[in-house]
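Chemist: predicted structure and sequence below. I'll ask about it afterward.
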Amino acid sequence: MDADTWAGLVDQFADGAYATVKGRVRTYVMHQQLLEHLPPPPASVLDVGGGAGHQSFPLARAGYDVTLLDPSPAMLDKARQRLEGLPAEAQRRVTFVEADGANAGEAVDGRHFDAVLCHGVLGYLEQQEPLLDQLCQRAAPGGIVSIMAGNANTSAVRPAMERRWDDALAAFDATEEIAVLGLLTRAHTVEQLTDLLRIRDVETLRWYGVWLFVDWLDFAGAELDPSDTKQLEATAAVELEAGRRDPYRQLSRIFHLIGRKGPT
């Protein structure tokens with residue numbers, strides 16, 4: 001993703017999208033899903049395309065050694081600002097690297113990590129192979145690879161909920177859409193991503209849904225108040241459970257896939 005593009009979107013992304021109920025639910029649900037598979041702290045985590053640190057900073061708070069890699073200077077500046085809100089001990093566990101994910105190996109001097117995260121990045125790339133190569137190569141033997149991607153099997157949900165019926169009909173066979181930030185995004189199926197990782201010596205351990213009810217409510221125009229703590233906690237609990245179960249997880253508009261690198 002071009003750094004200049006993100007420079008114009010950083011506030012909308014970091015201060016807007018993540019401050020909504022959907023944004024907070026995403027962070028919480030994926031954090032809980034990660035903790036089911038990560039080795040205990042202080043294991044090392046590389047967050048590729050980590051943006052403003054919304055996913056990796058909670059890991060730093062939990063004791064993990066985090067390296068946040070992102071190509072956008074504007075996004076990294078936002079991450080540094082947000083880092084100041086963490087306890088000093090957690091701040092010391094975070095390292096920033098400005099680089100494109102496709103060049104991650106060189107940017108981190110060939111280092112391997114106990115876990116490699118890449119959440120919401122793959123879909124923005126026209127050429128995805130170089131990034132996938134790096135995600136799998138940066139994982140240490142037996143390490144975790146965590147990817148969040150758009151669910152191609154539910155591409156018709158958003159236009160249908162917005163009553164854009166012609167777009168919804170076309171979306172049944174589509175893998176691309178203009179997402180909420182106004183950027184073209186590409187979706188995958190769990191099976192496609194599983195195959196792409198397997199040829200890179202990463203076997204899928206489990207996959208989860210991330211947004212279901214909260215996503216549909218949002219697109220239907222329902223008002224969800226992020227300041228209502230009780231309602232937010234209840235929403236997150238339901239979304240966490242839905243993301244673990246069939247058929248609910250299959251209906252989520254994005255999915256979270258976690259794999260393990262081979263032992264050699």
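Modeler: Done, it's in. Numbering: from 1, shown residues only.

Chemist: ok, Phe255 - contacts?
Modeler: By Cβ atoms under 8 Å, 6 or more residues apart in numbering, the contact list for Phe255 reads 148-149, 151, 190, 207-210, 249. The way it works is simple: take the backbone N, C-alpha and C, and place the C-beta from them, glycine included.

Chemist: among the residues you listed, which are in helices?
Modeler: With helices defined by DSSP state H, the entries of the contacts of Phe255 inside them are Val190.

Chemist: closest to Glu36 among the contacts of Phe255?
Modeler: Taking Cβ to Cβ as the measure, Glu36 sits nearest to Tyr208 out of those, at 9.1 Å.

Chemist: beta partners for that closest one?
Modeler: According to DSSP bridges, the residues that bridge with Tyr208 are His256.

Chemist: quick one, what contacts it?
Modeler: With contacts defined as Cβ under 8 Å, 6+ apart, the neighbours of Tyr208 are 29, 33, 243-244, 249, 255-258.

Chemist: find me the pLDDT at it, would you?
Modeler: For Tyr208, the pLDDT comes out at 98.

Chemist: again with Glu177
Modeler: Residue-level confidence at Glu177 comes out at 65, pLDDT.

Chemist: now swap in the one 3 residues further on and tell me
Modeler: The per-residue pLDDT reported for Val180 equals 55.

Chemist: and which of the contacts of Tyr208 is nearest Asp228?
Modeler: For those, the closest approach to Asp228 (Cβ to Cβ) belongs to Val29, at 17.8 Å.

Chemist: ranges for the helices of the stretch 101-250 of the chain?
Modeler: Along the stretch 101-250 of the chain, the stretches classed as helices by DSSP state H, counting those that start in this stretch are 104-107, 129-138, 157-161, 165-171, 190-198, 213-219, 229-242.

Chemist: right, so of those helices, which gets closest to Pro42?
Modeler: For Pro42, the closest of the helices of the stretch 101-250 of the chain is helix 129-138, at 17.7 Å, according to Cβ to Cβ.

Chemist: also compute the angle for that closest one relative to helix 190-198, please.
Modeler: The directions of helix 129-138 and helix 190-198 differ by 60 degrees, with axes from the mean of the first three to the mean of the last three Cα atoms, to 10 degrees as the criterion.

Chemist: what's the burial count for the residue lying closest to Gln91 once chain neighbours are set aside?
Modeler: Across the structure, with Cβ to Cβ, 6 or more residues apart in numbering as the measure, the residue nearest Gln91 apart from its sequence neighbours is Leu83 (5.6 Å). The tally of other residues near Leu83 (other Cβ atoms under 10 Å) stands at 17.
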